[in-house]
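Participant: what's the 3D shape of this:
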Amino acid sequence: MGIKSSPHGCIRMDLLGDEVKQGSHTSPLNPFHFDPVHLNLPGSEGYQPALPWVSKINSSTNRLAGDLKSYVNDKRPTGSSYEHCRMVARCTASTLSYLGMQDAIRKQEGWFVTLIPML
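Facilitator: Next up, the predicted model:
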């Protein structure tokens, strides 16, 4: 690979940064906080096709927990409201910048919100 970083090392550090930025999911102050994991599998009783098959739920709001989806070199926050998406993006950007990784949230097209019906 010469003097350049190997792709394996870059991806490995990016995934490690994603784990570190989530912190403890048990802390209610964490924007990535979730309590139960909800299974909505086809064929089971109460199956709702509009919901994902496996989802992390924040029991205090009864909505999906905040998350960050990664696409190649782009990270997109998801949440139950605009403010929740902003908290997820801010937490992600500050943690990754602390680790020395670049993440320019300001360059994203805009925040997008995933609103899922209450369970």
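Participant: Could you use CA atoms for every contact and neighbour count after this?
Facilitator: Will do.
Participant: what bits of this structure have low per-residue confidence?
Facilitator: 1-3, 72-73, 103-119 (pLDDT under 70).
Participant: in it, which residue is closest to the centre?
Facilitator: Nearest residue to the geometric centre of the chain (C-alpha atoms, centre = their mean): Asp67, 1.8 Å.
Participant: Does it touch His84 like I think?
Facilitator: No. Under the criterion of C-alpha atoms under 8 Å, Asp67 makes no contact with His84, lying 9.9 Å away.
Participant: Identify the contacts common to those two.
Facilitator: Listed as contacting both Asp67 and His84 by C-alpha atoms under 8 Å, 6 or more residues apart in numbering are Thr78.
Participant: How are the strands of this structure distributed by residue range?
Facilitator: Using DSSP state E, the strands found in the chain span residues 37-39, 54-58, 63-64, 67-71, 74-78.
Participant: Spatially nearest residue to Met87, not counting backbone neighbours?
Facilitator: Leaving out its chain neighbours, the residue that sits closest to Met87 by C-alpha to C-alpha, 6 or more residues apart in numbering is Pro31, at 6.2 Å.
Participant: any idea how far Gln22 is from Ser60?
Facilitator: From Ser60 over to Gln22 the distance is 18 Å, taken as C-alpha to C-alpha, to the nearest Å.
Participant: what do you get for Asp14?
Facilitator: 13 Å.
Participant: Pick out whichever of those two has more residues nearby.
Facilitator: Remark: of Asp14 and Gln22, Gln22 carries more neighbours, 19 against 16, as counted by other C-alpha atoms under 10 Å.
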